[in-house]
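Asks: no sequence on this one, just coordinates:
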DNA sequence: TGACTCATGTCAGTATTCTGACATACGCTT
DNA sequence: AAGCGTATGTCAGAATACTGACATGAGTCA
């Protein structure tokens, strides 16, 4: 197990563990969403729209951590299937605010319950204080990672 | 940038924050690896092999959180490019233990330095104790998420 | 021994996401 | 008014990862 010299010790790397946790969460979400015929990105888009009605394609993309092209493709599908509506043309600029249809809202309800159960399971065994601590740690990591990105651009 | 109206769980969801952190980490890694002509999966495979020489295709896949088919394709590329070697046939069973070539080891060195700098940046602003705490929290989440998966199978 | 289960390596096809490119629209500066 | 930089929506093609399927080898159990 222990290796000669250099390298990042994966067993002790917070970065690796972060990826592992994220992967486990995604897998668990996929499992509960599959019976509902919904993918994680699919769900993310709907949940975002439920909480922030009128979000544009680009804003949804940022919220779901995909490119705006990917989100656009997804939105077109969701629109065709009747879960989401967008005005035919922009009232101002090019921005097309998207909204859930009643059908979309209904479809989301079951998914939200399923996803919430996953999150509850994930946090089982952690106290409120531990959760709060983890929350702050993750926020710290995110802002530290982003600091330099913004300089670079 | 902050939300305008309706009550929002996303801003308080550890699951969402986990995804956000993981996404930020991946983006940061892609940025430093791109100049080296290396993708994150690419790097993960090499780093895994450096630390655990002789890992099989399937084991590498699990360690990099991709399917074994995906890892197989990657390994074939890395083999063709001379970074990795595998025996033509298995000594026992079907398992083909993979190893880094000197060229692969050399290529990995720069990448490791780059990735380490990202991890250091990510952890800047956190004390040792906080890092240890975060480590345990992530481990807890992972094991909680996996518990049920194993039952299901 | 033979049947069964499980894990592996790999080929093929599908799906998903990304990068590149373009036209447009807004805001700011000159 | 005109130019410039930035952001958006969208089309098209490329890259990447996935699911399905198959043959093979090891281990288990009767």
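Replies: Received, thanks. Computed from a prediction, not measured in an experiment: that's the story for all the values here.
Asks: can you pull the contacts of residue A:105?
Replies: By Cβ atoms under 8 Å, 6 or more residues apart in numbering or on different chains, residue A:105 lies in contact with residue A:50. Glycine gets a C-beta too; all of them are placed from N, C-alpha and C.
Asks: Of all residues in chain A, which one is nearest the centre?
Replies: The residue lying closest to the centre of chain A (Cα atoms, centre = their mean) is residue A:64, at 4.4 Å.
Asks: can you tell if stretch A:35-52 touches DNA strand C?
Replies: Yes: residues of stretch A:35-52 are located near DNA strand C by Cβ under 7 Å from any atom of the strand, namely A:39, A:40, A:41.
Asks: re the thing from before, tell me who's in contact with the residue nearest to the centre of chain A.
Replies: So residue A:64 contacts A:41, A:44, A:45, A:48, A:71 (Cβ under 8 Å, 6+ apart).
Asks: Could you find the closest non-adjacent residue to it?
Replies: residue A:44 (4.2 Å; Cβ to Cβ, 6 or more residues apart in numbering or on different chains).
Asks: Quickly find the element holding that neighbour.
Replies: Secondary structure assignment for residue A:44, by DSSP states H and E: helix A:40-51.
Asks: which of the contacts of residue A:64 are buried?
Replies: The neighbour-count criterion (16 or more other Cβ atoms under 10 Å in any protein chain shown) marks A:44, A:45, A:48, A:71 among those as buried.
Asks: Next up, the contacts around the third one.
Replies: Applying Cβ under 8 Å, 6+ apart, we find residue A:48 in contact with A:55, A:60, A:63, A:64, B:10.
Asks: State the distance from it to residue A:95.
Replies: Distance from residue A:48 to residue A:95, counting by Cβ to Cβ, to the nearest Å: 15 Å.
Asks: mind checking how far stretch A:47-57 is from the chain centre?
Replies: Centroid separation between stretch A:47-57 and its chain, computed with Cα atoms, centre = their mean, to the nearest Å, is 13 Å.
Asks: Look at that stretch and report the distance between its end residues.
Replies: Across stretch A:47-57, the terminal residues are separated by 14 Å (Cα to Cα, to the nearest Å).
Asks: do that stretch and DNA strand D meet at all?
Replies: Yes: interface with DNA strand D: stretch A:47-57 contributes A:56, A:57 (Cβ under 7 Å from any atom of the strand).
Asks: Counting neighbours, which bits of that stretch end up buried?
Replies: A:47, A:48, A:49, A:50, A:51, A:52, A:55, A:56, A:57.
Asks: And stretch A:9-18, by the same measure?
Replies: Buried-residue list, stretch A:9-18, by 16+ other Cβ under 10 Å: A:10, A:13, A:14, A:15, A:16, A:17, A:18.
Asks: Contacts for it next, please.
Replies: So stretch A:9-18 is in contact with A:1, A:8, A:141, B:18, B:21-22, B:25, B:47-48, B:51, B:63, B:115, B:118-119, B:122-123, B:131, B:134-135, B:138-139, B:142, going by Cβ under 8 Å, 6+ apart.
Asks: and the residues you listed, which are buried?
Replies: A:8, A:141, B:18, B:21-22, B:25, B:47-48, B:51, B:63, B:115, B:118-119, B:122-123, B:134-135, B:138, B:142.
Asks: Of those, which belong to helices?
Replies: Taking DSSP state H, the ones among the buried ones among the contacts of stretch A:9-18 that sit in helices are A:141, B:18, B:21-22, B:25, B:47-48, B:51, B:63, B:115, B:118-119, B:122-123, B:134-135, B:138, B:142.
Asks: What parts of chain A come near DNA strand C?
Replies: Counting by Cβ under 7 Å from any atom of the strand, chain A comes close to DNA strand C at A:39-41, A:65-67, A:69-70, A:73-74, A:90, A:92-94.
Asks: Make CSV out of these and add pLDDT and secondary structure.
Replies: What follows is these, written out as CSV (pLDDT from 0 to 100; DSSP: H, G, I helix; E, B strand; the rest coil):
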residue, pLDDT, secondary structure
A:39, 94, coil
A:40, 96, helix
A:41, 96, helix
A:65, 97, coil
A:66, 98, coil
A:67, 98, coil
A:69, 98, helix
A:70, 98, helix
A:73, 97, helix
A:74, 97, helix
A:90, 76, coil
A:92, 82, coil
A:93, 85, coil
A:94, 88, coil
